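Colleague: Model the structure of this input:
(chains A and B)
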Amino acid sequence: KQEVTQIPAALSVPEGENLVLNCSFTDSAIYNLQWFRQDPGKGLTSLLLIQSSQREQTSGRLNASLDKSSGRSTLYIAASQPGDSATYLCAVRPKWTGNQFYFGTGTSLTVIP
Amino acid sequence: ETGVTQTPRHLVMGMTNKKSLKCEQHLGHNAMYWYKQSAKKPLELMFVYNFKEQTENNSVPSRFSPECPNSSHLFLHLHTLQPEDSALYLCASSQDEGRNEQFFGPGTRLTVL
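Modeller: The predicted model follows:
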């Protein structure tokens, strides 16, 4: 069974700092990996989707990379802002499980003004 | 309405009640999902429907009963729930071919007394 781990569980940084969030998964046979943002008590907002054939995706200040062979993905946030404070989740879709998606427990980010 | 909508947003029910959660997607997707999110735990996939057919049922207790009348609507019928079923219930949809990116609704916060 695919296991997804996100470290650290919580992170606090001053405004303006660049930061990296980590996601690791145990089975490299994945169809895609998706990064989400979740505000307290709310649903998940899709940030970036990386297909298994891609190495990275970029959207604005966000850049996500994928290294299947090592079972890792990183989400890079440039010039962090207080509005970036949220929980960030990654999810992988393994190739062998149909429509199953496996989520990590997330990294809770606080950006201090 | 755009994206994925869920009603109600909040629900409080007793253990002997029967209630239903509703999800509607306006994205033209062919797959819909129910997830349970409890504190400090990864999202748990409960049910998956693809073209209105249930394709996944992750050992969910029978007190949870899904219904998918068409590819745009998904229900979760609840009866004789337990206090440990209190959680955020999230609905998502995706297009099974191509990008397969998941989009989530805002969730229903369920409290079982």
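Colleague: Contacts only, for residue 86.
Modeller: In the absence of a named chain, chain A is used. Applying CB atoms under 8 Å, 6 or more residues apart in numbering or on different chains, we find residue A:86 in contact with A:37, A:38, A:39, A:108, A:109. All C-beta spots, glycine's among them, are computed from the backbone N, C-alpha and C.
Colleague: you looked at the wrong chain, it should be chain B
Modeller: By CB under 8 Å, 6+ apart, the contact list for residue B:86 reads B:110, B:111, B:112.
Colleague: strands paired with the helix or strand containing residue A:91, and their directions?
Modeller: Take DSSP states H and E as the rule and residue A:91 turns out to sit in strand A:86-94. If you go by DSSP bridges, strand A:86-94 pairs up with strand A:30-38 (antiparallel), strand A:102-103 (antiparallel), strand A:107-112 (antiparallel).
Colleague: didn't residue B:51 look like it was pressed against residue B:68?
Modeller: No. Taking contacts as CB atoms under 8 Å, residue B:51 lies outside contact range of residue B:68: 9.3 Å.
Colleague: Between the two, which is the more surrounded one?
Modeller: Comparing residue B:51 with residue B:68 by other CB atoms under 10 Å in any protein chain shown, the one with more neighbours is residue B:68, at 20 against 11.
Colleague: Quick one: residues contacting residue 25.
Modeller: As the question left the chain open, I've gone with chain A. A:2, A:3, A:4, A:5, A:33, A:71, A:72, A:73, A:92, A:102.
Colleague: looking at chain B here, not the other one
Modeller: Taking CB under 8 Å, 6+ apart, one finds B:3, B:4, B:5, B:32, B:72, B:74, B:91, B:93, B:103, B:105 in contact with residue B:25.
Colleague: what are the bridge partners for residue B:57, then?
Modeller: Here residue B:57 sits in beta bridges with residue B:47, as judged by DSSP bridges.
Colleague: tell me which parts of chain A are close to chain B?
Modeller: Within chain A, the residues that sit near chain B (CB under 8 Å from any CB of the partner chain) are A:4, A:31-32, A:34, A:36, A:41-46, A:49, A:51, A:89, A:91, A:93, A:98-105.
Colleague: For the chain, just list every one of the strands.
Modeller: No chain specified, so I'll use chain A. For chain A, the strands defined by DSSP state E cover A:4-7, A:10-14, A:19-25, A:30-38, A:44-51, A:56-59, A:62-67, A:72-77, A:86-94, A:102-103, A:107-112.
Colleague: not what I meant, chain B
Modeller: Under the criterion DSSP E, strands of chain B are mapped to B:4-7, B:10-13, B:18-25, B:31-37, B:44-50, B:53-57, B:64-70, B:73-79, B:87-94, B:103-104, B:108-112.
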